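> Okay, predicted coordinates and the sequence, questions at the end:
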Amino acid sequence: MVISRQEESTKYFNFSTSDEKSKKEAEHRYRVNNLSQRDVAISINFWVPILLNGVTVWDVAVVAPLESVHCVAEREPPQHPDFLTQNTESLVLNCSIADCQRFRCDLPSFEIQEELDFILKGNLSFGWASQT
């Protein structure tokens, strides 16, 4: 199994703390390929930061490639709720300091050489940046 981020994905935004009320649409595209020699049943998990200390980061949804692919969303609390302490050690906004949405997409039969594209899409907010 190979999962790759597609070039069409949003790579960066320029913003400042004065943009804290603005939103911009962000999109991440991933291609999943079955390179094995047999059909397989798989689950794909996407973890996305959605809140930092109660402030929205990304209002995101997953767009599944087929109706037969069932995706379930579950909110996960941060591993380290004291994000200011953790943030001084690393400048990465991830699920260790942010509330995250976990999307689990189940594929009951992923055929040999099949490829599927998943899109994570939604509005990225910048109000959380002033907290850091």
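Here it is on my side, so go on. Residues are numbered from 1 along each chain as shown.
> Local confidence estimate at Phe15?
Looking at Phe15, its pLDDT stands at 71.
> hmm, which helix or strand of this protein has the shakiest average pLDDT?
helix 83-89 (a mean of 57; mean pLDDT, DSSP states H and E).
> which non-adjacent residue is nearest Pro108?
Ala41 (5.3 Å; C-beta to C-beta, 6 or more residues apart in numbering). Yep, even glycine has a C-beta here, placed from its N, CA and C like the rest.
> Check whether the one you found really touches Leu107, as I assumed.
Yes: using C-beta atoms under 8 Å, Ala41 is in contact with Leu107, at 6.6 Å.
> re earlier: what's the next secondary structure element after the least confident helix or strand of the chain?
strand 99-110 (DSSP states H and E).
> Now do the buried residues in that next one.
Neighbour counts using 16 or more other C-beta atoms under 10 Å place 99-101, 103, 105, 107, 110 of strand 99-110 among the buried residues.
> For the spatially most central residue of the chain, give me its contacts.
Taking C-alpha atoms, centre = their mean, the centroid of the chain lies closest to Val48, which sits 3.3 Å from it. Applying C-beta atoms under 8 Å, 6 or more residues apart in numbering, we find Val48 in contact with 58, 60, 100-103, 120.
> distance of it from Leu116?
From Val48 across to Leu116, the span is 18 Å (C-beta to C-beta, to the nearest Å).
> mind putting the contacts of Val48 in CSV, pLDDT and distance to Arg31 included?
Output for the contacts of Val48, formatted as CSV (pLDDT from 0 to 100; distance: C-beta to C-beta, whole Å):
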residue, pLDDT, distance to Arg31
Trp58, 91, 21
Val60, 94, 18
Cys100, 95, 22
Gln101, 96, 21
Arg102, 96, 20
Phe103, 96, 16
Leu120, 95, 13
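> Please consider this matter closed, and thank you.
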